[in-house]
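*Asks:* What would the 3D arrangement of this be:
(one chain, ligands or ions: 1)
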Amino acid sequence: MPTKSEPSVDAGGLRQTLQEAFDSGRTAEADWRRQQLKGLIRLVEENEKQLIDAMVADLGKPRFDAWLTDLLTTRDEARHALRHLDDWMRPRRHPVPVVTFPSTAWTETQPIGVTLIIAPWNYPVQLLLSPLVGALAAGCCALLKPSELAPATAAVVAELVPRYIDPEAVKVIEGGVDVTTALLEQQWDHILFTGSTRVGQVVMEAASRHLTPVTLELGGKSPTVVAADADLKVAAKRIAWAKYLNAGQTCIAPDYVLVERSVQDDFTDRLVDELTRLRDKAEPTSIVNANHVRRLEGLLDGHGGEELLPRKTDHASRTMAPVIVREPDPASPLMQEEIFGPLLPVLGVDSVDDAIAFVRARPRPLALYLFSSSSETERRVLDRTIAGSVCVNHLVYQVAAPSLPFGGVGPSGMGAYHGKAGFDAFSHTKSVMRRPTRGDVPFMYPPFPPVVQKVMRLLTRWPLR
Ligand code: NAD
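*Replies:* Below you'll find the model as predicted:
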């Protein structure tokens, strides 16, 4: 029996089993990769009900939301990889400079090895299995660690994965901090972690002990800028939807809104209407647990602003009605911490340039949203702000395009995945040069005759390809 201080996981044993599968060489074969990706697609398609039931049990997600945001995204990610796999795996020729003549050069990819994928609870299928798509496409073995805060989903995924995917090459281990800590003591060839910035630091510190490369998909406060020339009706509707989705428990949810003061009242009135409509008519998602309900209630204390919708929490179902907070104190916890819940601060700014300055003065966000009808404003915001991704005139949908790399920058993350970026994250790109042994002329070795030196200097003036 493991004691309280001993995790109930044989991390070294698991690592070793995966290593043996990797060393067999089969996972590098294109055919194996294709079979696994097809298996993953079938896993999602054939178990839709079971997976959605689990997400409803864990998070009270509306069933269609669970299908759209967890199952469809995962399936499309796998379908995209399957379609492009041959191209991604193809070696690529590279031009060579005259100094290496005669030679050919190319890059080719190899699976990075045995990898660890750690997921959060908020999109518990997508954020565990979409990274796996990249690992499988790249030919890697993977240990999947779902979040202990979505235990029903973790259990279903742990049961399904070995039925559809090579069970020696991909394993799921359920558990909390003690399990993850034990896993992080092992040496992995790559770690992809999705979760909070705080735990991202823990993961990177552990990885640094083995110089293990990491992809960190973290969180933060994603701003939404509403310019005076925006279509305010559409902006209000879309911002309200993106905040209401999953009760704001979305890493790329609009965390707060900066709206030009000339349209602030008009915009805020519309936002109140839209959130009221959603609150009254659309099914809510629950807050993941009572601790997070308390955390969110705490954020509402002492923000110094005006609340535009009434607070309403049902503790039994852990549902919270959305609250708009007008002009909170930028120094308050509401404006300092990632909200990750259905609270939406709205602050007026004098101009889009002021909004840009506000964003630039804060940690680089995972996502940034802009509502404007001006292409100059769009260009200025794109050029002057640094964010993981941007969506103009909508929110969240940038994550649904498998061909767009998804990742943060600075404190919101490191590296990216989705589509080819996921394949690259789990691949090593190896450079190879080949030179013939024929025509091995002696004047290409020291001591170089003066005439050779002169010719070389002349030839190397030619522009490089
Ligand atoms: P979290 O960081 O608390 O947990 C994530 C994972 O880390 C879980 O599997 C958990 O078991 C493990 N973990 C927790 N504490 C640990 C510790 N001390 N040592 C080792 N492992 C530990 O995050 P969460 O609460 O599950 O998710 C919410 C956060 O994730 C938010 O900050 C959100 O923005 C972020 N997030 C980011 C993305 C993205 O794609 N960038 C997506 C979803 C969520």
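*Asks:* where does the residue of the stretch 251-400 of the chain found nearest the ligand land in three-state SS?
*Replies:* Proximity of the stretch 251-400 of the chain to the ligand (CB to the nearest ligand atom) peaks at C251, 3.2 Å away. From N, CA and C alone the C-beta is placed, and that goes for glycine too. Under the three-state scheme (DSSP: H, G, I helix; E, B strand; the rest coil), C251 adopts coil.
*Asks:* Counting neighbours, what do you get for it?
*Replies:* 28 (other CB atoms under 10 Å).
*Asks:* what about it, distance to R384?
*Replies:* According to CB to CB, to the nearest Å, C251 stands 23 Å off from R384.
*Asks:* contacting residues around the residue of the chain at minimum distance from the ligand?
*Replies:* Among all residues of the chain, G219 sits closest to the ligand, at 2.2 Å; criterion: CB to the nearest ligand atom. By CB atoms under 8 Å, 6 or more residues apart in numbering, the contact list for G219 reads 195-197, 251, 338, 340, 366, 412.
*Asks:* export those to a markdown table and tack on pLDDT?
*Replies:* Formatted as a markdown table, the contacts of G219 follow (pLDDT from 0 to 100):
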| residue | pLDDT |
| --- | --- |
| G195 | 98 |
| S196 | 96 |
| T197 | 95 |
| C251 | 98 |
| E338 | 98 |
| F340 | 98 |
| L366 | 98 |
| S412 | 98 |
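*Asks:* Tell me which entries of those residues lie within helices.
*Replies:* T197 (DSSP state H).
*Asks:* Could you give me the ChimeraX selection string for whichever of the contacts of G219 are buried?
*Replies:* Here is the ChimeraX command that selects the buried residues among the contacts of G219 (16 or more other CB atoms under 10 Å):
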select :195,196,197,251,338,340,366,412
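*Asks:* Pick out the most distant pair among the contacts of G219.
*Replies:* With CB to CB as the measure, no two of these lie farther apart than F340 and S412, at 13.2 Å.
*Asks:* tell me which parts of the stretch 251-400 of the chain are close to the ligand?
*Replies:* 251, 338, 340, 366 (CB under 6 Å from any ligand atom).
*Asks:* so the second one makes contact with P254?
*Replies:* What it means is E338. No: the pair E338 / P254 is not scored as a contact, 11.9 Å apart, by CB atoms under 8 Å.
*Asks:* Would you map out the domains in this protein?
*Replies:* 11-218+416-427, 223-401 (automatic domain parsing).
*Asks:* and these as JSON lines, adding distance to W462?
*Replies:* Output for the domains of the chain, formatted as JSON lines (distance: least, CB to CB, whole Å):
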{"stretch": "domain 11-218+416-427", "distance to W462": "6"}
{"stretch": "domain 223-401", "distance to W462": "35"}
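*Asks:* how many neighbours does L149 have?
*Replies:* Neighbours around L149, by other CB under 10 Å: 18.
*Asks:* ugh, wrong one, I meant R311
*Replies:* R311, neighbours per other CB under 10 Å, totals 13.
*Asks:* my guess is it meets L299, correct?
*Replies:* No: taking contacts as CB under 8 Å, R311 lies outside contact range of L299: 11.3 Å.
*Asks:* for the stretch 301-450 of the chain, what spans make up the strands?
*Replies:* Along the stretch 301-450 of the chain, the stretches classed as strands by DSSP state E, counting those that start in this stretch are 306-307, 313-314, 319-320, 323-326, 343-349, 367-371, 389-392, 413-414, 427-434.
*Asks:* Columns mean neighbour count on top of the ones you listed, output as a markdown table?
*Replies:* Shown next, in a markdown table, are the strands of the stretch 301-450 of the chain (neighbours: other CB atoms under 10 Å):
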| stretch | mean neighbour count |
| --- | --- |
| strand 306-307 | 13 |
| strand 313-314 | 14 |
| strand 319-320 | 22 |
| strand 323-326 | 22 |
| strand 343-349 | 23 |
| strand 367-371 | 27 |
| strand 389-392 | 18 |
| strand 413-414 | 22 |
| strand 427-434 | 12 |
